Every structure is written in C-alpha cells, then in structure tokens.
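Undergrad: Give the three-dimensional model of this entry:
(one chain, ligands or ions: 2)
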Amino acid sequence: MGRSNEFVARYRFTTGEGLHLADMDPADTGRLMSKQKAQAALAKGIEKLSTLQERLYAQDRWAVLLVFQGMDAAGKDGTIKHVMSGVNPQGCEVHSFKVPSTEELDHDFLWRCVVRLPERGRIGIFNRSCYEEVLVVRVHPELLERQRLPSGLVGRRIWKERFEDINALERHLARNGTRILKFFLHVSRGEQRKRFLERLDTPEKRWKFSSADITERPHWDAYMTAYEEMLRGTATRNAPWYVVPADHKWFAHYVVAEAVIAALEELDLAFPKVDRVREKELRRVRTELMAE
Ligand code: AMP
Ligand code: MG
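TA: Ligands and ions are numbered 1, 2, ... in the order given. Coordinates of the predicted model:
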C-alpha cells in the first residue's frame with residue numbers, strides 16, 4: 001500500500017457497514033495536519049497526477065470516472081478546478097448535471113450519465129450525477145412524478161431498486177476497465193450558511209447564489225438521511241465512496257487528490273512498449289530523416 005492509499009483509507013467505504021454520517025466530522029483535518037503542509041503536498045500531488053494522466057492516456061486501456069456529490073456550496077466546483085488543474089484538458093472531460101431536460105426525462109434515469117461516460121484513456125468527471133436520482137428526487141417526490149414512470153413500477157422499494165441498478169451499472173463498468181471513485185463532500189450546515197453569506201456579500205461570487213439553494217436548506221435533515229442511505233446502499237468494492245470532510249476546502253482538495261493518485265497508482269500505468277519490428281521501422285525512418 002502506497003503512502004496516499006494509507007492516508008485516504010480512513011475516508012474510503014467499500015461497504016455501507018458502519019457508515020454513519022453523524023460519526024464523521026465535516027471539520028476534520030486529518031490528525032492535525034496543517035493547512036500549509038496540505039497545500040504544499042497538494043502542489044506535489046497535482047504534478048504527480050499530471051504524469052499519471054499522461055500514462056493513462058498513452059496506455060489507452062483504463063478509463064477513470066470521478067463522481068462528485070455534495071450539498072450546495074460543499075465545494076464541488078472548486079475541488080474539480082484545483083485538483084484537476086495540472087491535467088491535460090485533452091485527456092479529461094467534466095460534465096455538470098443540472099435539472100433534467102424533457103429529453104432526459106423521457107429516458108431511464110441512468111441514460112444521461114451513461115452517454116457521458118469517459119472513453120478508455122480518459123478521466124471523466126461528473127459534477128453531480130445519477131445519484132441525484134436518489135437524493136433531490138427522493139427529497140422532492142414531485143420530481144419523481146415528472147418522470148412519468150408506469151405507476152405499477154413506483155413503490156416503496158424504488159430507492160432500493162435504484163441503488164441496485166446503479167451498483168449493477170458500476171459493476172459492469174468496473175469489469176470493462178473503468179475505475180470509479182465517488183466523492184461525497186461532507187460539509188456542515190453551519191459552513192454552508194457561512195458560504196452562502198459569502199456569496200451574497202462578495203460581488204464576484206454573487207452569480208453563484210441561486211434562490212433555489214435557500215429553499216433547500218429547510219430540507220437539510222431529509223437530505224442527510226437520503227445521503228446516508230445512498231452512501232450505505234452504493235458503497236462497493238467496484239466503486240467506493242469517499243466521505244470527504246469539506247468544511248476546510250484545503251483539506252477536501254488534499255484528500256481528493258490523494259485518493260485519485262492512489263487509485264491511478266494501483267493501475268500500473270505505463271507508456272506502451274515499442275516492439276522490435278516497430279523499433280527497427282522507427283530507426284529506418286530516423287535514418288531517412290537524417291539523410292534529408
Ligand atoms: P448546480 O449544481 O448548483 O448548478 O445546481 C444544479 C441543480 O440541478 C441542483 O439544484 C440539483 O439538485 C439539480 N439536479 C441535478 N440533477 C437532478 C435530477 N436528476 N433531478 C432533479 N434535479 C436535479
Ligand atoms: Mg448551486
């Protein structure tokens with residue numbers, strides 16, 4: 001086990017057993033790690049990520065999918081921006097999932113995410129994902145009605161069935177060479193309030209404030225219950241959840257970077273080897289170029 005792996009293991013869940021949000025502190029900073037140390041380590045981590053991604057792309061065997069979930073202002077956008085700042089945009093794609101369109105609602109609930117999955121050699125990033133289908137849709141049952149499912153198929157078991165279907169999709173992807181990492185940015189209600197106020201008080205941040213954010217705050221407890229059940233129902237070996245303490249942005253960025261590095265290091269990424277026939281051919285081309 002590498003150094004990164006040991007550190008992130010504390011935040012990783014490959015099963016729902018023993019996963020209780022109330023036991024986890026959003027303000028945790030990993031055994032008193034200092035902000036300065038974490039930022040220096042993050043800078044190094046970003047360089048490492050850049051090298052690993054280059055190999056992932058060249059090797060063209062594995063795909064990597066990073067899923068980000070969290071309440072509003074949990075820091076999803078900022079984490080993606082910071083952690084991925086060193087990677088080549090050509091090998092990476094980010095998709096943000098908003099309120100579904102009419103076309104998306106006409107398909108099964110996994111469809112819009114499936115069509116945006118990363119190809120081999122790439123890192124795909126989902127800013128929100130099909131997990132919204134067991135979160136916001138669960139907290140607001142009228143959203144489920146808009147999906148026009150045949151009534152016989154909508155019962156009390158629907159959330160459990162959705163967990164099963166997501167797990168089945170993720171297992172399928174894992175078996176086909178997609179490495180999946182899912183991050184729940186765990187922010188406290190108090191920190192969200194602080195960040196909303198910051199958005200309101202800072203002209204450059206005001207655009208980010210949506211009135212919808214405020215209407216969701218009274219549903220905080222319902223969201224936490226939905227999040228916990230979702231995490232417990234979909235934490236698997238194929239696609240672990242990382243519950244990332246997110247009240248301190250610097251710490252959340254560090255945890256996510258280390259988790260991605262540890263996962264990429266496990267893949268044994270290497271530049272493809274050139275065989276002897278090809279090597280001979282390349283030498284011949286070189287000689288020709290030199291002779292020009
Ligand atoms: P933001 O991430 O702040 O741009 O907001 C996107 C909004 O889209 C959030 O309020 C989400 O709850 C909402 N959203 C994302 N996916 C779904 C979904 N499947 N059904 C309903 N609302 C969704
Ligand atoms: Mg928002």
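Undergrad: does residue 270 really touch residue 55, like I thought?
TA: Yes - assessed by Cβ atoms under 8 Å, residue 270 is found in contact with residue 55 at 6.1 Å. C-beta: built from backbone N, CA, C; applies to glycine.
Undergrad: the more surrounded of these two?
TA: The neighbour comparison of residue 270 against residue 55 (other Cβ atoms under 10 Å) goes to residue 55, with 17 against 10.
Undergrad: What distance do you get for the closest residue in space to that one that isn't next to it in sequence to ligand 2?
TA: Nearest non-adjacent residue to residue 55, counting by Cβ to Cβ, 6 or more residues apart in numbering: residue 269, 3.8 Å away. Look at residue 269 and ligand 2: by Cβ to the ion, to the nearest Å, they are 34 Å apart.
Undergrad: Pull the number of nearby residues for residue 269.
TA: Residue 269: 18 neighbours (other Cβ under 10 Å).
Undergrad: Mind telling me what element it is part of?
TA: Residue 269 belongs to no helix or strand when elements are defined using DSSP states H and E.
Undergrad: list the contacts for it?
TA: 52, 55-56, 59, 62 (Cβ atoms under 8 Å, 6 or more residues apart in numbering).
Undergrad: can you do 7 Å?
TA: 52, 55-56, 59 (Cβ atoms under 7 Å, 6 or more residues apart in numbering).
Undergrad: Then residue 142?
TA: Contacts of residue 142 (Cβ under 7 Å, 6+ apart): none.
Undergrad: who does residue 69 bridge with?
TA: residue 184 (DSSP bridges).
Undergrad: picking up where we left off before, what's the residue nearest to residue 55 sitting at in phi/psi?
TA: Here is the backbone geometry of residue 269 (degrees, to the nearest 10): phi -80, psi 140.
Undergrad: got a pLDDT number for it?
TA: pLDDT recorded at residue 269 is 93.
Undergrad: Skipping its backbone neighbours, what lies nearest residue 147 in space?
TA: Once flanking residues are discounted, residue 147 sits nearest to residue 105: 5.8 Å by Cβ to Cβ, 6+ apart.
Undergrad: If you rank the contacts of residue 269 by neighbours, which is first?
TA: Ranking these using other Cβ under 10 Å puts residue 56 first, with 25 neighbours.
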